[in-house]
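Novice: Build me a structure from this.
(one chain, ligands or ions: 1)
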Amino acid sequence: MPLGFELVELTADERALQQEVREFLARELPRGSFEPGLGMDNPSDRGFSKRLAQRGWVGMAIPKRYGGHERGAVYRFIVVEELLRWGAPIHHHWTADRQSAQVILKFGTEEQKQRFIPAICAGELGFSIGLSEPDAGSDLAAIKTRAVKVDGGWQVNGTKVWTTGAHETDWFIMLCRTSDAEDRHDGLSQLLVDLHSPGVQINAIPFLDGGHHFNEVVLTDVFVPDDLLVGEEGRGWLQTGSELSFERGGPDRLLSPWLLVEEFLREHEGTPLGERATATLGWAVARFWGIRQLSIAVNRMIDQGRAPAAESALVKDMATRFEQDVIEAVRQLVEVSPSLESGSLFERLLARSVLAGPSYTIRGGTTEVLVGVVSKGLR
Ligand SMILES: Cc1cc2nc3c(=O)[nH]c(=O)nc-3n(C[C@H](O)[C@H](O)[C@H](O)COP(=O)(O)OP(=O)(O)OC[C@H]3O[C@@H](n4cnc5c(N)ncnc54)[C@H](O)[C@@H]3O)c2cc1C
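Specialist: Predicted coordinates for the structure are as follows:
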């Protein structure tokens with residue numbers, strides 16, 4: 001089956017929104033007033049998330065009856081592209097806005113929709129992703145976290161790992177085994193778990209740059225009430241597949257090194273760039289533009305009600321490999337030893353990029369796994 005990409009242009013309305021976000025950021029979060037993040041790797045700031053929500057920029061693709069703005073995935077693309085380019089502290093609402101609200105909207109009960117989605121759209125509730133385990137990453141169906149039926153709910157035992165932001169967010173949507181089945185893709189379910197529940201222990205896993213992003217989440221006899229089962233019991237595998245379409249095809253997979261390049265140019269302002277740097281930047285701009293077009297096309301497909309799993313996987317793979325190539329190309333252009341303590345923002349960003357870059361093709365699905373998803377989609 002051919003992939004469904006179509007050439008897209010932004011409309012006048014979409015461009016006006018882009019300008020509005022740029023002006024908001026320059027006013028509310030002026031350059032120099034904060035340490036910018038690398039794309040979606042940025043700090044959590046509940047206050048900033050709420051201010052964005054008050055502007056109507058959280059829950060943009062969510063129906064109005066649940067506190068959203070019904071403007072669609074492309075409008076959301078435009079807003080988050082500007083936030084990511086600016087390195088704004090969006091981590092608190094990031095996962096909830098990108099995928100958790102969509103999962104609840106698609107599979108949740110009416111009661112769950114009323115309880116969680118308006119709070120997400122208000123920038124109040126933050127979510128993490130509870131998929132990976134010590135022995136289950138790419139091979140996700142191998143997860144061992146188990147929920148056993150008890151009176152009024154489920155008793156959960158197991159360990160999740162690499163859980164980004166769990167020490168700061170409020171809930172996660174967790175994939176776990178609720179029954180044994182001949183096909184191990186069956187018998188999995190999604191539960192909404194309050195990260196402050198008794199029996200949930202969150203242990204930091206330091207990242208290479210010394211920062212605290214990752215966690216191990218250990219669940220010991222955690223009670224999850226019946227009304228927090230998402231969708232159908234035993235259908236968690238299919239539901240998770242749908243969630244990953246939202247996770248993979250967006251601008252967050254493309255923009256991690258944006259500020260690095262911007263700061264490189266700022267440091268060279270007023271001096272000629274030279275032939276090598278000009279050629280490198282020309283190459284980067286051309287590739288960036290093509291992948292960005294594909295990412296917007298994925299979001300147009302989502303707006304048309306399609307589930308572009310293969311297209312999202314393709315964009316994620318191309319975009320994250322591009323991100324790593326850009327970091328390496330910039331590193332080759334300068335003769336500095338990158339340091340996290342440098343007084344130069346460019347050098348700090350370079351140091352963080354070199355340390356974080358290898359993770360770009362792992363988080364959200366590895367290159368090898370994505371190639372498999374794309375090839376299945378082409379059959
Ligand atoms: C920055 C970051 C943030 C993350 N955040 C979260 C999070 O919030 N929540 C969460 O649940 N998880 C998170 N993860 C985990 C991430 O989803 C997994 O690391 C990823 O899915 C790979 O799983 P793994 O680490 O177990 O590696 P493995 O699956 O063990 O893979 C190891 C290597 O083997 C290759 N491989 C595996 N299977 C195959 C195959 N069939 N064919 C060919 N090659 C194969 C892989 O491509 C990889 O190179 C995060 C990871 C990173 C790096």
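Novice: For this structure, just list every one of the strands.
Specialist: Assigned by DSSP state E, the strands in the chain fall at 127-130, 146-150, 153-161, 171-177, 188-194, 200-205, 214-225, 229-230.
Novice: can you redo those strands as a markdown table with mean pLDDT, distance to residue 341 and mean neighbour count?
Specialist: C-betas here are computed from N, CA, C, even on glycine. What follows is the strands of the chain, written out as a markdown table (pLDDT from 0 to 100; distance: least, C-beta to C-beta, whole Å; neighbours: other C-beta atoms under 10 Å):
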| stretch | mean pLDDT | distance to residue 341 | mean neighbour count |
| --- | --- | --- | --- |
| strand 127-130 | 98 | 29 | 27 |
| strand 146-150 | 98 | 45 | 16 |
| strand 153-161 | 98 | 29 | 20 |
| strand 171-177 | 98 | 33 | 26 |
| strand 188-194 | 98 | 38 | 23 |
| strand 200-205 | 98 | 21 | 14 |
| strand 214-225 | 98 | 22 | 18 |
| strand 229-230 | 98 | 44 | 24 |
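Novice: Residue ranges in the chain under the pLDDT threshold?
Specialist: Along the chain, the parts satisfying pLDDT under 70 run over 1-2, 4, 7, 379.
Novice: in the lengthiest helix in it, what counts as buried?
Specialist: Among all segments of the chain classified by DSSP state H, the helix with the greatest residue count is helix 275-303. The neighbour-count check on helix 275-303 (16 or more other C-beta atoms under 10 Å) flags 277, 280-281, 284, 287-288, 291-292, 294-303 as buried.
Novice: do the same with stretch 119-126
Specialist: Under 16+ other C-beta under 10 Å, the buried positions of stretch 119-126 are 119-126.
Novice: about what we covered before: which secondary structure elements does the longest helix of the chain contact?
Specialist: Counting contacts by 3 or more C-beta pairs under 8 Å, 6 or more residues apart in numbering; DSSP states H and E, helix 275-303 packs against helix 73-86, helix 258-267, helix 309-333.
Novice: So which of those helices is nearest the ligand?
Specialist: Ranking the helices and strands packed on helix 275-303 by distance to the ligand, with C-beta to the nearest ligand atom as the measure, places helix 309-333 first at 10.6 Å.
Novice: Is any residue of the closest one near the ligand?
Specialist: No: using C-beta under 6 Å from any ligand atom, helix 309-333 stays clear of the ligand, coming no nearer than 10.6 Å.
Novice: Can you name every helix or strand that that helix contacts?
Specialist: Here helix 309-333 touches helix 236-248, helix 258-267, helix 275-303, helix 345-356, helix 367-378, going by 3+ C-beta pairs under 8 Å, 6+ apart.
Novice: where's that helix relative to the chain centroid, distance-wise?
Specialist: 15 Å (C-alpha atoms, centre = their mean, to the nearest Å).
Novice: can you check stretch 34-47 too?
Specialist: 13 Å.
Novice: Can you give me the first-to-last residue distance of that stretch?
Specialist: 14 Å (C-alpha to C-alpha, to the nearest Å).
Novice: Over to stretch 296-309?
Specialist: 14 Å.
Novice: how much space between the closest residue to residue 214 other than its chain neighbours and residue 286?
Specialist: Nearest in space to residue 214, with sequence neighbours left out and distances taken as C-beta to C-beta, 6 or more residues apart in numbering, is residue 205 at 4.1 Å. According to C-beta to C-beta, to the nearest Å, residue 205 stands 37 Å off from residue 286.
Novice: same question, residue 327
Specialist: For residue 327, the distance to residue 286 - C-beta to C-beta - is 17 Å.
Novice: Next up, the contacts around the closest residue to the ligand within the stretch 1-150 of the chain.
Specialist: Residue nearest to the ligand within the stretch 1-150 of the chain: residue 137 (1.9 Å; C-beta to the nearest ligand atom). Counting by C-beta atoms under 8 Å, 6 or more residues apart in numbering, residue 137 makes contact with 162, 366.
Novice: Please report phi then psi for residue 249.
Specialist: Here is the backbone geometry of residue 249 (degrees, to the nearest 10): phi -90, psi 10.
Novice: if we can go back for a sec, for the helices and strands packed on helix 275-303, give me a markdown table that also has mean neighbour count.
Specialist: Formatted as a markdown table, the helices and strands packed on helix 275-303 follow (neighbours: other C-beta atoms under 10 Å):
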| stretch | mean neighbour count |
| --- | --- |
| helix 73-86 | 23 |
| helix 258-267 | 18 |
| helix 309-333 | 21 |
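Novice: a markdown table for these, including distance to residue 141?
Specialist: Formatted as a markdown table, the helices and strands packed on helix 275-303 follow (distance: least, C-beta to C-beta, whole Å):
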| stretch | distance to residue 141 |
| --- | --- |
| helix 73-86 | 28 |
| helix 258-267 | 35 |
| helix 309-333 | 16 |
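Novice: Near residue 376, how many other residues are there?
Specialist: Summarising burial for residue 376: neighbours were counted as other C-beta atoms under 10 Å, giving 12.
Novice: Now do the contacts for it.
Specialist: Here residue 376 is in contact with residue 310 (C-beta under 8 Å, 6+ apart).
Novice: What separation is there between it and the ligand?
Specialist: 12 Å (C-beta to the nearest ligand atom, to the nearest Å).
Novice: Show me the domain layout of the chain.
Specialist: 12-125, 129-234, 249-378 (automatic domain parsing).
Novice: I'd like those as a markdown table, with distance to residue 5 appended.
Specialist: Shown next, in a markdown table, are the domains of the chain (distance: least, C-beta to C-beta, whole Å):
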| stretch | distance to residue 5 |
| --- | --- |
| domain 12-125 | 14 |
| domain 129-234 | 25 |
| domain 249-378 | 5 |
